[in-house]
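Asker: Got a sequence here, can you model it:
(2 chains)
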Amino acid sequence: MRRLLLERLGHLLLVLWVVASLTFLMFRLMPGDPTLNFLSPTFNEETRAALMASFGLDKPLWQQYVIYLGKLVQGDFGMSFLQNQPVSRLLWDALPNTAVLTVVSLVLAYAIGIVVGAFLAFRRGSVLEGVMIPTALATRAAPEFWLGMLLLAVFAFQFGWFPTGGAVSPGGSMGTLTERLTSADFWWHLCLPALTLTLFLQGLPLLLMRATMLEVLNDEFITMAKMKGLSRWSIVMRHAARNALLPVVTAFALGLGASIGGNVVIETVFAWPGIGRVLVGAVQSSDYPLAQGAFIMIAFVLVVMNTVADMAYALLDPRVSVGRRA
Amino acid sequence: MRSLLRFLRSEPFAVAGAAIYAVIIAAALLAERIAPHSPTEILRANRRIARYMPASADYWLGTTSSGYDIASQLIHGARTALQVGLTAAVAVVAIGTLLGLLAGYLGGWVDKAVTRLADIVLGLPFLPSMLVLAALTRPGTLTVVCTVAALLWPNTARVIRSQVLSLRERAWVEAARVTGCSNARIMFVHILPQVLPLAALYGSVAIGWAILAEAAASFLGFGDPATISWGVMLQDAYANQALSRGAWNWFVPPGAAILAMVLAGFMISRGSEKLLFPKLGDS
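Answerer: Numbers count the residues shown, from 1 in each chain, chains lettered A, B, ... in the order given. Here you go, the predicted model:
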């Protein structure tokens, strides 16, 4: 077990390092001067050089790379070009909003997906199944931001039940994280984006749960349970569902990593002040340090969650022999 | 004939998917003839720009805030969708199959390198990577296609690799080797045809991802504003207050078209899965 852990951690660090280096290269080797948008043409050469130096852009590339990695390890992403603040500060402000949105939606999506998926496997071949499966597929096929636009048009603009965007009402302040989490206004603003994300995400656990349930229901221990005369509900929920959950748990961890990145569009539609929106804004305004920081943070969450999914799989399924001493 | 009918009845999903594709392909091929107006023509009514017109006989789905005909844009958008989807899918399948084949058959350091590379690529978040690449190079459909190809091949490569791992132990591969076939010949003449159906399956799903990616990129402002695509239409609608104006005729159709096309891909792949791999059952 410990060997497995160390192996995975080593792999994790390797991937993180490669991703960080790729990001560095992407942002440095691209054509165009990153300071062009930031520096006003009225600056004279001296001011320009001083500014370049203050961002460390006057040093050779390899030195910049070493400094970059060193600072990254300390959690220092540099200063934002446009907003005169450290990137890490801006990111730490945005990350909790994204985390709340993602976790709430994922938990809802998986709760719904698991129950409905198990139920559908149980009621196989019914009319209900013929309706539910295409519906689940359709929510995965729809562009996320379009689902969001529909919900906005209906519930925000048509009926006026929910706000049209943002995380606080006009005039309100964001406050600290605990203040946000305890304010009704924040949760009210969260409803539509979370509903959109939930709708988008529920298809995968639903289909996965149904597929593995169908497999499990054919297993011998289910026949055994039936022979013992257990009720169908007890067979499905207590015996079959437990065993079918394994791939779903793995998918949950993978989904957590993937949807932090995918939230970019939903956060934009609802003007939700999360990390995806920070990335879009930074990229649009050529604020390279901020864009780079947001990108790395999203990538790190993804890589870490991929590893967690891997480990969860190995821990939960005794049949997976990866890392077991032969 | 009877077997065809039986197939149609037993695979309603695949048939429905194929029908959707037929409609989209027809729209793309005959766009100029079907579309009532030019998609880039600013329409005028009573000497004023025809903005926000409701659906009517002249404008089947009404007009946009700039006076473009929505139905015509929608029909011409099918062309972009097919182009983006097909080129991206072909690229994904080609890269994925080639690397999967090499890794699975040759093993050793090739296998290690490909697997590692796949792990790293899977560690790059899809949309953010596309945004950054589009911003740093040149926004447009080519960037979208390249990003989709560069980031989605690992899924195909992994499946192909594991398939090849089992295929290369079969007796007929052994026989080919004994008769003096080169590695290249065994890989591309003997094994490749066996894994192509599986690759095609992943390709049909990749079409969908490519179209969704194009839509998202356009929506975030990183598409090519000069092309007419469903994603650009949605971005246009969102940016010009179609939601608050309740211009359903503007923002519903492009999204529904994307949904239909991606869903059709899913349905075809599910249906053909049963045909190609009857053992998988109907899970």
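Asker: Show me what from the stretch 201-326 of chain A comes close to chain B.
Answerer: For the stretch 201-326 of chain A, the residues in contact with chain B (C-beta under 8 Å from any C-beta of the partner chain) are A:210-211, A:214-215, A:258, A:260-262, A:264-265, A:268-269, A:276, A:279-280, A:283-284, A:286, A:291, A:294-295, A:298-299, A:302-303, A:306. For every residue, glycine as well, the C-beta is placed using N, CA and C.
Asker: and those, which are buried?
Answerer: Buried by 16 or more other C-beta atoms under 10 Å in any protein chain shown: A:210-211, A:214-215, A:258, A:260-262, A:264-265, A:268-269, A:276, A:279-280, A:283, A:286, A:291, A:294-295, A:298-299, A:302-303, A:306, out of these.
Asker: Against B:Phe266, how distant is the closest residue to B:Ile268 other than its chain neighbours?
Answerer: Excluding the flanking residues, the one nearest B:Ile268 by C-beta to C-beta, 6 or more residues apart in numbering or on different chains is B:Gly17, at 3.9 Å. Relative to B:Phe266, B:Gly17 is positioned 7 Å away (criterion: C-beta to C-beta, to the nearest Å).
Asker: out of the two, which sits in the busier spot?
Answerer: B:Gly17 (24 against 20; other C-beta atoms under 10 Å in any protein chain shown).
Asker: Identify the residues contacting the more buried one.
Answerer: B:Leu263, B:Ala264, B:Gly265, B:Phe266, B:Met267, B:Ile268, B:Gly271 (C-beta atoms under 8 Å, 6 or more residues apart in numbering or on different chains).
Asker: now with 6 Å?
Answerer: Taking C-beta atoms under 6 Å, 6 or more residues apart in numbering or on different chains, we find B:Gly17 in contact with B:Ala264, B:Met267, B:Ile268.
Asker: so what's the first one up against?
Answerer: Right, B:Ala264. B:Gly17, B:Ile20, B:Tyr21.
Asker: now swap in the second one and tell me
Answerer: In this structure, B:Met267 makes contact with B:Phe13, B:Ala16, B:Gly17, judged by C-beta under 6 Å, 6+ apart.
Asker: now with 10 Å?
Answerer: Contact analysis of B:Met267 by C-beta atoms under 10 Å, 6 or more residues apart in numbering or on different chains lists A:134, A:137, A:141, B:11-21, B:204.
Asker: Can you show me the helices along the chain?
Answerer: Defaulting to chain A. A:2-29, A:45-54, A:61-73, A:87-122, A:127-141, A:144-151, A:177-181, A:184-201, A:203-217, A:220-227, A:232-234, A:241-269, A:275-284, A:288-316 (DSSP state H).
Asker: if you could check chain B rather than the one you did, that'd help
Answerer: B:2-10, B:12-29, B:31-34, B:70-106, B:108-122, B:126-136, B:141-167, B:171-178, B:183-185, B:192-219, B:230-239, B:248-276.
Asker: At the geometric centre of chain B, which residue do we find?
Answerer: B:Ile207 (1.5 Å; C-alpha atoms, centre = their mean).
Asker: Pretty sure it sits against B:Val84.
Answerer: Yes - contact criterion C-beta atoms under 10 Å: B:Ile207 and B:Val84 qualify, at 8.7 Å.
Asker: any common contacting residues for the two?
Answerer: B:Val148.
Asker: quick revisit: any idea which of the contacts of B:Gly17 is the one closest to B:Ala217?
Answerer: Each of the contacts of B:Gly17 was scored against B:Ala217 by C-beta to C-beta, and B:Ala264 proved nearest at 21.2 Å.
Asker: gap between that closest one and A:Gly274?
Answerer: Distance from B:Ala264 to A:Gly274, by C-beta to C-beta: 32 Å.
Asker: What of B:Val110?
Answerer: Counting by C-beta to C-beta - B:Val110 and A:Gly274 are separated by 41 Å.
Asker: who has more neighbours, the two?
Answerer: Legend: neighbour count by other C-beta under 10 Å for B:Val110 and A:Gly274, higher for A:Gly274 (28 against 14).
Asker: Not counting its neighbours along the chain, what's nearest the more buried one?
Answerer: A:Thr98 is the one closest to A:Gly274 (C-beta to C-beta, 6+ apart), at 3.5 Å.
Asker: wait, that neighbour sits on A:Leu190?
Answerer: No - when contacts are counted by C-beta under 10 Å, A:Thr98 is not listed as touching A:Leu190 (11.5 Å).
Asker: Would you mind listing the residues touching both of those two?
Answerer: Shared contacts of A:Thr98 and A:Leu190, counting by C-beta under 10 Å, 6+ apart, come down to A:Trp272.
Asker: ok, the two, which is more surrounded?
Answerer: Shown here are A:Thr98 and A:Leu190; by other C-beta under 10 Å, A:Thr98 has more neighbours (27 against 21).
Asker: Let me see the contact set for that one.
Answerer: A:91, A:259-261, A:263-264, A:266-267, A:272-278, A:297-298, A:301.
Asker: ok now stretch A:152-169, how far from the chain's centre?
Answerer: 23 Å (C-alpha atoms, centre = their mean, to the nearest Å).
Asker: For the residue nearest to A:Gly274, report the pLDDT, please.
Answerer: pLDDT for A:Thr98: 87.
Asker: and what of B:Tyr52?
Answerer: Predicted confidence (pLDDT) for B:Tyr52: 69.
Asker: Over to B:Leu99?
Answerer: 92.
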